[in-house]
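Chemist: Everything below, folded, please.
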Amino acid sequence: MVVVVDVLAAVGAPARSWYKHPMPPPRSWRPSLTQLIIVGLAAGVLVGWLWPAFAAELRPVATVFLRLIKMIVSPLILATLVASIAGAGGKAAGRMGVKAIVWFELATTVALLVGLAAVNLVAPGVGVTLAAGNTGGLSTLAHERSAVQFLVETVPTSVFDALARNDVLQVVVFSVFIGLGVSAAGEKAAPLKALAESSAEVLFKVVGAVMKLAPLGVSAAMAAALGHNGMGVLLPLLKAIGTLYGALAVFLALLLGGTWLITGVRLRTFVAAIREPALIAFTTTSSEAAMPRAMRILERLGVPREVVSFVVPTGYSFNLDGSTLYLSVTLLFIAQASGVHMSLTEQLTAMGLLMLTSKGVAGVPRSALVVLSGAVTAFHLPLEGVALLLGIDEIMDMGRTTVNVVGNCAAAVVVARWERVLPRDAPIFAARPPDLGERAA
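Modeler: Numbers count the residues shown, from 1 in each chain. Sure thing, here's the model as predicted:
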């Protein structure tokens, strides 16, 4: 160092000033959580491909991660929704609910029509032969609920039972009533409101801690999925998988374009921000696993908590864009595979049935297959078609769950704009997203 200074001084360079005020050392680069999740995803694919037997044994690791996330979901919804409705009041909550339902119906209608157009254009079921009598795997599916039964079951008999079962819709109903009660009680209920607000902050901190395990959980989930199903299961039905993912891509383009037209947000900023929960949804095939992180990110983008805590959990039951698109594709795929021609009237009737029966089934195991089985029976199609899809359902579930999560994030932004509570200086309008993810230690 002294030699360098002396040489610079000899040639007239301001060496002494530089020596007294050295340049600060460069900041060490640390990967973001999103980058680590992408690395985990790639590692999981590699392990599942090269060592399928070992990869299949990694499912408990993914299960533990999912259970850690799911233990937070219901308490987080309860705390955030009570605090938000207590602060906003009953009229604001009702107005927000109407706007959310309008957007949900618009989005799911577009999703159904996109799926309908894709399956008619590509015809993935033509040439596929159904295996008669291959319905053994369907015995593990739950039964579809009627509309009346669904409405009855939205009201919990006990909030503790709803919390224990992670019944999101029942928790939402209970939280709305408690929030309205706290709002009506005024100052007397101020301690309860403060408790809900502080509980929400604590739970978001817990979410941040659990999310540090996301790269490991994502890697194990992807490896286990490939190790259990094998790569060969994709080949016979690759056309159906390609049709679904192509239709999902078209719908996402329409969804993001519509969101931009209505709200004017920076799409690059929005997409960059939500890619982390989208990746979690893709690898774990669970909207619940992505929900807490998505809610936190939407808040940091400037969407008010009262909108996020109401729209996102409600959309978990009423705004299943990816699942409804999947249903339209697979129903007509089964019809084509069985050699049954459905007229345009029959197809539109089927879409109406799917729109009604797909609501509120998020808590039912393998809910999309449950609804699909009911529609197949209603239109007298062979149930063997559903059994045929069982082998690739997990691969298809990755795409539809991702679109479900992105759709609910977009719904929260749209409703916030319609409510005029999304300020123009919010980070979601910025050219670059803020630092939304934790850094690796």
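
Chemist: And the residue nearest to Val210 when sequence neighbours are not counted, how far from Pro292?
Modeler: Computed as Cβ to Cβ, 6 or more residues apart in numbering, the closest residue to Val210 that is not its neighbour in sequence is Leu68, at 4.8 Å. Every C-beta, even on glycine, is put in place using the N, C-alpha and C of the backbone. According to Cβ to Cβ, to the nearest Å, Leu68 stands 10 Å off from Pro292.

Chemist: So which of the two has more stuff around it?
Modeler: Higher neighbour count among Leu68 and Pro292: Pro292, with 26 against 18, using other Cβ atoms under 10 Å.

Chemist: what about that one, which helix or strand?
Modeler: Using DSSP states H and E, Pro292 sits in helix 287-300.

Chemist: Same check on Leu78?
Modeler: Assigned by DSSP H and E, Leu78 belongs to helix 59-88.

Chemist: how far does the very next helix or strand once past that helix sit from the chain's center?
Modeler: Note on helix 59-88: by DSSP H and E, the next helix or strand toward the C-terminus is helix 90-122. Counting by Cα atoms, centre = their mean, to the nearest Å, helix 90-122 is centred 16 Å from the centre of its parent chain.

Chemist: helices or strands up against helix 90-122?
Modeler: Helices and strands touching helix 90-122, by 3 or more Cβ pairs under 8 Å, 6 or more residues apart in numbering; DSSP states H and E, are helix 168-185, helix 238-263, helix 305-318, helix 321-337, helix 344-357, helix 393-418.

Chemist: from the middle of its chain, how far away would the fourth one be?
Modeler: It refers to helix 321-337. Relative to its chain's centre, helix 321-337 lies at 20 Å (Cα atoms, centre = their mean).

Chemist: dump the residue contacts of the nearest residue to Ala431 once chain neighbours are set aside.
Modeler: Closest residue to Ala431 apart from its sequence neighbours, by Cβ to Cβ, 6+ apart: Arg266 at 6.4 Å. Taking Cβ atoms under 8 Å, 6 or more residues apart in numbering, we find Arg266 in contact with Ile428, Phe429, Ala430, Ala431.

Chemist: hmm, which of those residues are the buried ones?
Modeler: Listed as buried from the contacts of Arg266 are Ile428, Phe429; burial here means 16 or more other Cβ atoms under 10 Å.

Chemist: Could you identify the least confident member of the contacts of Arg266?
Modeler: The pLDDT minimum for the contacts of Arg266 sits at Ala431, where the score is 74.

Chemist: Wait, that residue touches Phe270, no?
Modeler: No. Counting by Cβ atoms under 8 Å, Ala431 stays clear of Phe270, with 12.0 Å between them.

Chemist: ok, the residue nearest to Cys409 when sequence neighbours are not counted - how many residues close by?
Modeler: Nearest non-adjacent residue to Cys409, counting by Cβ to Cβ, 6+ apart: Ile274, 4.9 Å away. Applying other Cβ under 10 Å, we find 25 residues neighbouring Ile274.

Chemist: hang on, Ile274 packs against Gly407?
Modeler: No. When contacts are counted by Cβ under 8 Å, Ile274 is not listed as touching Gly407 (10.6 Å).

Chemist: hang on, Tyr54 packs against Gly227?
Modeler: Not quite, residue 54 is Phe, not Tyr. Yes. Phe54 lies in contact with Gly227 (Cβ under 8 Å); the separation is 7.2 Å.

Chemist: joint contacts of these two?
Modeler: Residues touching both Phe54 and Gly227 (Cβ under 8 Å, 6+ apart): Val47.

Chemist: Those two - which one has more neighbours?
Modeler: For Phe54 versus Gly227, neighbours defined as other Cβ under 10 Å are more numerous around Gly227 (23 against 12).

Chemist: If I follow the layout properly, the more buried one ends up in contact with Leu58?
Modeler: Yes. Applying Cβ under 8 Å, one finds Gly227 in contact with Leu58, separated by 7.3 Å.

Chemist: Need the overlap of contacts for those two.
Modeler: Common neighbours of Gly227 and Leu58, using Cβ under 8 Å, 6+ apart, are Val47.

Chemist: circling back: for the helices and strands packed on helix 90-122, which has the smallest mean pLDDT value?
Modeler: Here these differ in mean pLDDT, and the lowest is helix 344-357 at a mean of 78.

Chemist: And that helix, what does it pack against?
Modeler: Helix 344-357 is packed against helix 90-122, helix 321-337, helix 367-378, with contacts defined by 3+ Cβ pairs under 8 Å, 6+ apart.

Chemist: Can you say which of those is nearest to Thr80?
Modeler: The closest of those to Thr80 is helix 90-122. By Cβ to Cβ, the value is 13.0 Å.

Chemist: can you state the direction angle for that closest one and helix 305-318?
Modeler: 40 degrees (axes from the mean of the first three to the mean of the last three Cα atoms, to 10 degrees).

Chemist: Report the mean confidence score over helix 90-122.
Modeler: Here helix 90-122 scores 85 as its mean pLDDT.

Chemist: returning to what we had before: out of the helices and strands packed on helix 90-122, which one sits most buried?
Modeler: Ranked by mean neighbour count, these are led by helix 321-337 with a mean of 27 (mean count of other Cβ atoms under 10 Å).

Chemist: orientation of it relative to helix 367-378 in degrees?
Modeler: Going by the same axes, to 10 degrees, helix 321-337 makes 40 degrees with helix 367-378.

Chemist: give the contact list for Val308.
Modeler: Thr80, Met295, Leu298, Glu299, Ala412.

Chemist: where's Leu66 relative to Leu213, distance?
Modeler: As judged by Cβ to Cβ, Leu66 and Leu213 stand 11 Å apart.

Chemist: higher neighbour count, those two?
Modeler: Just comparing Leu66 and Leu213: by other Cβ under 10 Å the higher neighbour count belongs to Leu66, 18 against 14.
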